[in-house]
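In: Starting from these lines, generate the structure:
(chains A, B, C and D)
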Number of protein chains: 2
Amino acid sequence: MTKSPQFDQAVRAWMDVFMHRSMRGWAQFAKSSGLSMPQFSIVMQLHHKGAFGMSEVSERFEITPAAASQLVDKLVQNGFVQREEDPKDRRAKSLNLTDKGRELVRRGAQERYHWVDDLAGKLSATERVKVSEALEMMTKAVKELEADAVHKPA
Amino acid sequence: MTKSPQFDQAVRAWMDVFMHRSMRGWAQFAKSSGLSMPQFSIVMQLHHKGAFGMSEVSERFEITPAAASQLVDKLVQNGFVQREEDPKDRRAKSLNLTDKGRELVRRGAQERYHWVDDLAGKLSATERVKVSEALEMMTKAVKELEADAVHKPA
DNA sequence: GCATAAAGTTAACCCCGCTTAACTAAAAAG
DNA sequence: CTTTTTAGTTAAGCGGGGTTAACTTTATGC
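Out: Take a look at the predicted model:
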């Protein structure tokens, strides 16, 4: 581990400032749309990773199948998620976002987008380029970390 | 609003990837220490902003004074927080972290630190410098945004 | 001084997410 | 074809956080 105080300090400062702003907005948006955080998380996963079944919900969120079933059920009742039989395996269910669900995701992204715009407005063009490059490096690094974690889990 | 697709895209990608990792770790740490997220948030606020009273808890978290009282009570019972009479106004209570509370915060910071180390390991020295600079710009920008928000609230 | 406002607390109640346990139904194994 | 495993559901019950309502205690305004 190559020590780099400047790096550590910069990342920590950023995390402090960014996490608070971001998490708050996140939670607020979820609440404003009438969803609890766990429900909202499922919707987001469904958006990012595409359709999947109950068992994957229970694995990804580390809850029992029963909890997953109940949680998803509320999303279905509220029309955000569609739950249909998997034709390949009639025991399994395939979960998908409905139009309403996709619309919710779209609105959420828009809100974040707005914040990004504001942020961009505070930076000069050259700064924006530098930031873009840096974030791309970071994103790549995080993905590599995650890939590592798969091969040798903690 | 100067449009910059590269910037937007980079920030969004980063947020997606970072938020998931970070929030997960966060929630897990809170749970592993026997605290719920709301309880943990109070501890963190107490750490960042120093001592305050019940009414501020209820304002900051947008909950009723009753809820704040109950929430804090659990933290007091578990020894993370100290609740004492404010000598200036005997109706008010002054909340403070106990040693145990501070120790919790310290451990949390350490865990984040560890993640930052891992991340640093994935970057070259020059990359780390670039990232540091970029994050400092971003942190500054966010703080300016927050300052703006105070003057003309949404 | 007395009425009113402010800071917290307590109690009753609700909703939510989660777990365990018991169950149904379909697929896989033998 | 029967047994076992797998996917998911339902029901009962628990604990958590939230609310409203009623209350106590201390400050303030007049």
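
In: What segments of chain A are strands?
Out: Assigned by DSSP state E, the strands in chain A fall at A:81-85, A:93-97.

In: which stretch among the ones you listed comes nearest chain B?
Out: Chain B sits nearest to strand A:93-97 of all the strands of chain A, at 16.6 Å, using Cβ to the nearest Cβ. Heads up, the C-betas are built off the backbone N, CA and C, glycines and all.

In: Tell me what angle the closest one forms with strand A:81-85.
Out: On the basis of axes from the mean of the first three to the mean of the last three Cα atoms, to 10 degrees, strand A:93-97 is oriented at 150 degrees to strand A:81-85.

In: rewinding a little: go through the strands of chain A and pick out the most buried.
Out: Comparing the strands of chain A by mean neighbour count (mean count of other Cβ atoms under 10 Å in any protein chain shown), strand A:93-97 ranks first with a mean of 19.

In: touching DNA strand C at all, that one?
Out: No: using Cβ under 7 Å from any atom of the strand, strand A:93-97 stays clear of DNA strand C, coming no nearer than 11.2 Å.

In: Does that strand reach DNA strand D?
Out: Yes: applying Cβ under 7 Å from any atom of the strand, one finds strand A:93-97 in contact with DNA strand D at A:Lys93.

In: counting contacts, what elements does that strand pack onto?
Out: helix A:37-49, helix A:54-60, strand A:81-85 (3 or more Cβ pairs under 8 Å, 6 or more residues apart in numbering or on different chains; DSSP states H and E).

In: Against A:Asn96, how distant is A:Thr64?
Out: Noted for A:Thr64: a distance of 23 Å to A:Asn96, by Cβ to Cβ, to the nearest Å.

In: My error: substitute A:Gly108 in the last question.
Out: 18 Å.

In: Relative to A:Gln45, which of the strands of chain A is closest?
Out: strand A:93-97 (9.5 Å; Cβ to Cβ).

In: and the closest one, how far out from the chain's middle?
Out: Distance, stretch centre to chain centre, for strand A:93-97: 18 Å (Cα atoms, centre = their mean, to the nearest Å).

In: That one versus helix A:37-49: what angle between them?
Out: Strand A:93-97 runs at 90 degrees relative to helix A:37-49, counting by the same axes, to 10 degrees.

In: Apart from its neighbours in sequence, what residue is nearest A:Phe18?
Out: Computed as Cβ to Cβ, 6 or more residues apart in numbering or on different chains, the closest residue to A:Phe18 that is not its neighbour in sequence is B:Val142, at 6.6 Å.

In: The one you found touches A:Met19, doesn't it?
Out: No: assessed by Cβ atoms under 8 Å, B:Val142 is found out of contact with A:Met19, at 10.8 Å.

In: So which of the two has more stuff around it?
Out: Using other Cβ atoms under 10 Å in any protein chain shown, the more surrounded residue of B:Val142 and A:Met19 is B:Val142, with 21 against 17.

In: contacting residues around that one?
Out: If you count contacts by Cβ atoms under 8 Å, 6 or more residues apart in numbering or on different chains, B:Val142 has them with A:17-18, A:21, A:119.

In: Can you check the residues you listed and name whichever has the most neighbours?
Out: Neighbour counts for these peak at A:Leu119, which has 21 neighbours (criterion: other Cβ under 10 Å).

In: Report the separation between the residue in chain A positioned nearest to chain B and A:Lys122.
Out: When distances are taken as Cβ to the nearest Cβ, chain A reaches nearest to chain B at A:Ala134, 3.2 Å away. According to Cβ to Cβ, A:Ala134 stands 16 Å off from A:Lys122.

In: higher neighbour count, these two?
Out: Between A:Ala134 and A:Lys122, counted using other Cβ under 10 Å, the more crowded position is A:Ala134 (25 against 17).

In: And the pLDDT for the more buried one?
Out: Looking at A:Ala134, its pLDDT stands at 93.

In: what's the span of stretch A:57-72 from first residue to last?
Out: Terminal residues of stretch A:57-72 lie 9 Å apart, using Cα to Cα, to the nearest Å.
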